[in-house]
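**Student:** Any chance you could fold what I've pasted below:
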Amino acid sequence: MKRVWVLFLLCKLSVLVAQTSTNSTGSGNFNNTAIWTSPKDLTGNANILTGHTITIPNITTVYSNKITFNGTAKLVLTNNSSKWVAATSMNGAPTMESINNSINWSSSSVYINDAYGVSHNRPWLDATQAWSAGTVDNPNDYLQYDLQSPRWVQGIVTQGRGNMAQWVTSAKVETSIDNVNWAVASTGMTLNSDQNTKVYNNFSNVMLARFVRVTPITNSNYPSMRLGILFRENILRSCKEILAAFPGSASGTYTIDPDGLAGAQPNTTCYCDMATDGGGWTLVLNYLHAGGTNPELNVRANSLPLQGSTALGTNEQGTTTWGHTSPAYLSSFTFTELRFYGITSGHNRIVNFKTSHPETISYFKTGTGSASGIQSGAFPLTGHNGITPGSASSFFTSQGNKAMTEFPFWIAGLNHWGIKGYTDRWEVDDYPAGTGGTGYQNSTFHQIWIR
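**Tutor:** Numbers count the residues shown, from 1 in each chain. Just a heads-up that it's a prediction; the model follows:
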């Protein structure tokens with residue numbers, strides 16, 4: 001059983017002035033009254049100047065080493081959930097991230113320039129191969145991971161190459177907030193001594209970082225590596241929590257723990273939209289369907305679909321981006337809003353709306369009931385010009401695992417939301433089967449998000 005321990009690390013802050021623009025082991029002078037959430041150089045020493053007060057907000061932890069006070073300088077804890085913790089204090093059972101998604105990885109070069117996910121460029125943990133450097137002894141050749149938002153990072157975990165006796169024995173490790181300014185976490189960290197054993201290494205200080213870069217120094221046979229990131233804080237539950245904790249987070253692939261540390265569900269990868277309607281949306285249904293095909297749906301019992309292409313006509317069946325979560329798994333998530341998005345090659349209308357309709361949310365989480373009433377509780381978003389759901393008059397009921405796909409709202413013989421509905425109808429605000437077609441002749445794109 002997981003322990004409940006979720007800390008929101010960042011809030012929208014007022015004014016924060018520091019001498020440096022990256023997290024580093026240097027010192028910072030704080031000379032404005034500010035809410036102190038996550039200054040970028042706080043893994044070193046912090047110097048609060050006279051006449052100024054720094055406040056650590058509610059349920060926020062800040063990591064640093066020595067804090068010095070000049071004259072009347074003050075550090076204020078909002079309450080007993082506001083914490084200052086020494087940057088040398090590590091999590092004894094840290095959570096980890098190593099996502100198999102190209103947006104999270106980059107490197108200076110790859111052996112024979114393999115594309116991501118091909119042969120020598122499979123850098124995630126437990127991959128069948130590894131990332132292999134472009135050359136055997138290039139001192140500037142590195143592997144880099146992008147967390148998509150700044151996180152408190154305490155170390156890395158590495159493996160060698162899965163299918164050959166190659167590994168990195170020591171490396172330089174750096175972190176960065178902006179992929180421009182870099183702080184050294186270790187000048188020569190000892191890494192692997194075989195192919196597959198996971199080696200866990202903490203930094204000497206907890207670092208605030210979005211990017212982690214590992215540059216091999218020495219190796220056995222050839223510099224090949226699989227990489228993961230160790231967090232000081234435990235993983236958050238949703239894209240909404242990530243955005244609240246880390247304002248400015250980019251849209252992309254993240255790791256979340258949907259039912260929190262007290263729940264039984266494991267961590268999972270997800271795709272977060274951090275831009276639309278204020279951001280914080282977690283993708284739970286994604287079907288990019290090619291016209292003329294009628295593939296099977298993928299009901300995900302303990303995982304979420306990721307977002308791949310958004311171009312109509314792309315066939316994504318059978319990939320990590322294809323599918324929707326089951327009601328039983330969706331019930332592990334806490335959310336109050338749904339967002340629907342749909343387009344088709346059959347016409348130019350766009351379905352793009354959000355709703356807080358409680359009956360629809362309950363229907364999708366249980367598979368029992370219906371979305372009746374969603375038509376009066378829908379809020380149109382940018383570009384929405386669909387006839388549904390506002391004029392929807394019919395609603396399938398109690399469809400179980402097909403609650404989100406089997407016509408949750410529709411207008412008889414005219415406009416439907418259907419994903420392989422009635423076994424072969426792919427519809428976005430239309431009824432292609434009624435025009436002499438098969439029902440799946442159009443390319444379609446359906447998405448549902450939660451927040």
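
**Student:** Okay, strands next: where are they in the stretch 351-451 of the chain?
**Tutor:** For the stretch 351-451 of the chain, the strands defined by DSSP state E, counting those that start in this stretch cover 351-355, 378-380, 410-411, 415-421, 425-430, 444-450.

**Student:** again with the stretch 201-350 of the chain
**Tutor:** 224-231, 252-256, 268-273, 281-289, 299-300, 323-325, 338-344.

**Student:** Contacts for the last one next, please.
**Tutor:** If you take CB atoms under 8 Å, 6 or more residues apart in numbering as the criterion, strand 338-344 is touched by 276-277, 281, 312, 350-357, 360-361, 364, 381, 386, 389, 417, 426-430, 442-451. Where C-beta positions appear, they are placed from N, C-alpha and C, glycine not excepted.

**Student:** From those, list the buried ones, please.
**Tutor:** Among the contacts of strand 338-344, those buried by neighbour count (16 or more other CB atoms under 10 Å) are 276-277, 281, 312, 350-355, 357, 360-361, 364, 381, 386, 389, 417, 426-430, 442-451.

**Student:** Looking at the strands of the stretch 351-451 of the chain, spot the one closest to Leu143.
**Tutor:** Nearest to Leu143 among the strands of the stretch 351-451 of the chain is strand 444-450; the distance by CB to CB comes to 31.5 Å.

**Student:** The closest one - contacts with which helices or strands?
**Tutor:** strand 281-289, strand 338-344, strand 415-421, strand 425-430 (3 or more CB pairs under 8 Å, 6 or more residues apart in numbering; DSSP states H and E).

**Student:** how about it as PDB, C-alpha atoms only?
**Tutor:** In PDB, the C-alpha atoms belonging to strand 444-450 read as follows (Å, rounded to 0.1, in the frame of the first residue of the first chain):
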ATOM      1  CA  THR A 444     -12.100  10.600 -38.200                       C
ATOM      2  CA  PHE A 445     -10.300  11.900 -35.100                       C
ATOM      3  CA  HIS A 446     -12.000  11.500 -31.700                       C
ATOM      4  CA  GLN A 447     -10.600  12.600 -28.300                       C
ATOM      5  CA  ILE A 448     -11.900  12.800 -24.800                       C
ATOM      6  CA  TRP A 449     -10.000  14.500 -22.000                       C
ATOM      7  CA  ILE A 450     -10.500  14.800 -18.200                       C
END
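
**Student:** So Cys270 sits against Lys240, correct?
**Tutor:** No. The pair Cys270 / Lys240 is not scored as a contact, 11.3 Å apart, by CB atoms under 8 Å.

**Student:** what sits in contact with each of these two?
**Tutor:** Thr282.

**Student:** Most remote residue from the middle of the protein, which is it?
**Tutor:** Relative to the centre of the chain, the most outlying C-alpha is that of Gly71, 43.2 Å out, by CA atoms, centre = their mean.

**Student:** quick one, what contacts that residue?
**Tutor:** Leu49, Thr50, Gly51.

**Student:** repeat for Val214
**Tutor:** Contacts of Val214 (CB under 8 Å, 6+ apart): Tyr142, Leu143, Gln144, Ile156, Thr158, Val168, Ala171, Lys172, Val173, Met225, Leu227.

**Student:** Spell out the residue ranges of the helices in this protein.
**Tutor:** 239-245, 327-330, 358-366 (DSSP state H).

**Student:** from these, which stretch is densest packed?
**Tutor:** Across the helices of the chain, averaging neighbours per residue (mean count of other CB atoms under 10 Å) puts helix 239-245 on top, at a mean of 23.

**Student:** Now do that helix: which elements does it pack against?
**Tutor:** Partner elements for helix 239-245 (3+ CB pairs under 8 Å, 6+ apart): strand 252-256, strand 268-273, strand 281-289.

**Student:** Show me how far that helix is from its chain's centre.
**Tutor:** Relative to its chain's centre, helix 239-245 lies at 10 Å (CA atoms, centre = their mean, to the nearest Å).

**Student:** what mean pLDDT does that helix have?
**Tutor:** The average pLDDT within helix 239-245 is 89.

**Student:** what sits opposite the residue most central in space within the chain in the beta ladder?
**Tutor:** The centre of the chain sits closest to Tyr254, judged by CA atoms, centre = their mean, with a distance of 1.8 Å. Beta bridges link Tyr254 to Cys270, judged by DSSP bridges.

**Student:** re earlier: can you convert the helices of the chain into JSON lines and add a column each for distance to Leu304?
**Tutor:** Converted to JSON lines, these look like this (distance: least, CB to CB, whole Å):
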{"stretch": "helix 239-245", "distance to Leu304": "10"}
{"stretch": "helix 327-330", "distance to Leu304": "8"}
{"stretch": "helix 358-366", "distance to Leu304": "14"}
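
**Student:** Pro432 is in contact with His347, correct?
**Tutor:** No. If you go by CB under 8 Å, His347 and Pro432 don't touch, sitting 9.5 Å apart.
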